[in-house]
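Colleague: following is a predicted model, sequence given first.
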Amino acid sequence: MSDDDDTGDTQSAPGDLLSRLLLRLQLPYMRAHYHELAQTAAEQQWTPLDYFQRLVEGEVARREDKSLQRRIRLARFPLIKTLDQFQWTWPKKINRSQIQNLFRLNFIEQKANAIFLGGVGLGKTHLCIALGHTACLRGYSVLFTTAIDIIHTLSAAAATGNLKRAMQRYLKPALVIVDEIGYLPIDKHGADLLFQIISQRYERGALLSTNRAFRHWAEIFNNDTTLTSALLDRLLHHAETCVIEGKSFRAKDHVEI
């Protein structure tokens, strides 16, 4: 049968033809639910406009959910955490209202930085992931990474001449979460690469977590005080720092011998 022969379509039942047309238009929700909703519309005496609106609303909701799942997948969270799961009573010092205000995400719109500063095991990563997840829910593009992962990725790209392309991964998202700054020392090459990312995201916004006070950051960056000063100048120009103090939550069950 030739492509011009439409006999099969014209002889099909109206429902079959509609189903195929909706498939061609890539409207899977409408295709799956138009018949069921038509029966409901008849029973509840919806107007044709009401019926059509329900179909469109369902299709839009499906697409928005698909888009959300894509944003969450591309964010590369190690796991999903929410603010409701955070144990506020554990840290000795934490400004709850300040952190809750961050979840309004105004700092993303203002292209500012947010920094969680505190020791290990106090929930900085939890809060970073929860903030990133909230940003995904609100429609923002997000990337979760660590300082060491950035350095390894960019070092490998530089070795193959693809540094400029690789950097776009960290420059495009509305929110880039850089976790674990200060957990491992960084050599000069790594410090230069990380500086490039933070420098180029200047006034684009980022979210960072660190276990080192800013006065000790030169120790992280190979004792390069000039680079560290330039980095902090850009990082802290438009930034809100949330200080968290206390003992490690992960070590709470350890018994001293």
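Modeller: That came in fine, so what should we check first?
Colleague: for stretch 114-122, which positions count as buried?
Modeller: Neighbour counts using 16 or more other C-beta atoms under 10 Å place 114-118, 121-122 of stretch 114-122 among the buried residues. Placement of C-beta: from N, CA and C, glycine included.
Colleague: strands of the stretch 51-200 of the chain, start to end?
Modeller: Assigned strands in the stretch 51-200 of the chain, in chain order: 113-118, 142-146, 175-181 (criterion: DSSP state E, counting those that start in this stretch).
Colleague: JSON lines for those strands, including distance to residue 97 and mean pLDDT?
Modeller: What follows is those, written out as JSON lines (distance: least, C-beta to C-beta, whole Å; pLDDT from 0 to 100):
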{"stretch": "strand 113-118", "distance to residue 97": "14", "mean pLDDT": "94"}
{"stretch": "strand 142-146", "distance to residue 97": "24", "mean pLDDT": "96"}
{"stretch": "strand 175-181", "distance to residue 97": "21", "mean pLDDT": "94"}
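Colleague: how about the ones you listed in TSV, adding distance to residue 39?
Modeller: TSV is the format used below for the strands of the stretch 51-200 of the chain (distance: least, C-beta to C-beta, whole Å):
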stretch	distance to residue 39
strand 113-118	50
strand 142-146	41
strand 175-181	44
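Colleague: closest one to residue 42 among those?
Modeller: Distances from residue 42 to each of the strands of the stretch 51-200 of the chain were compared using C-beta to C-beta; the shortest belongs to strand 142-146, at 44.1 Å.
Colleague: which other residues reach the closest one?
Modeller: Where contact means C-beta atoms under 8 Å, 6 or more residues apart in numbering, the residues beyond strand 142-146 that reach it are 71, 74-78, 128-129, 132, 135-136, 169-170, 173-180.
Colleague: low-confidence ranges, the chain, go.
Modeller: 1-15, 250-257 (pLDDT under 70).
Colleague: buried residues, the top helix by length along it. List them.
Modeller: Looking across the chain with DSSP state H, the single longest helix is helix 48-75. Using 16+ other C-beta under 10 Å as the test for burial, helix 48-75 gives 51, 54-55, 58-59, 62, 71-72, 75.
Colleague: right, and the strands of the stretch 51-200 of the chain - which one's nearest residue 26?
Modeller: When the strands of the stretch 51-200 of the chain are ranked by proximity to residue 26 (C-beta to C-beta), strand 142-146 comes first, at 26.4 Å.
Colleague: can you give me the angle that closest one makes with helix 48-75?
Modeller: Interaxial angle, strand 142-146 versus helix 48-75 (axes from the mean of the first three to the mean of the last three C-alpha atoms, to 10 degrees): 20 degrees.
Colleague: now do strand 142-146 against strand 175-181, angle only.
Modeller: Here the directions of strand 142-146 and strand 175-181 differ by 10 degrees (the same axes, to 10 degrees).
Colleague: what pairs with strand 142-146, and is each one parallel or antiparallel?
Modeller: For strand 142-146, the paired strands and their directions (DSSP bridges) read strand 175-181 (parallel).
Colleague: centre of the chain to the partner strand, how far?
Modeller: For strand 175-181, the distance from its own C-alpha centre to the chain's C-alpha centre is 11 Å (C-alpha atoms, centre = their mean, to the nearest Å).
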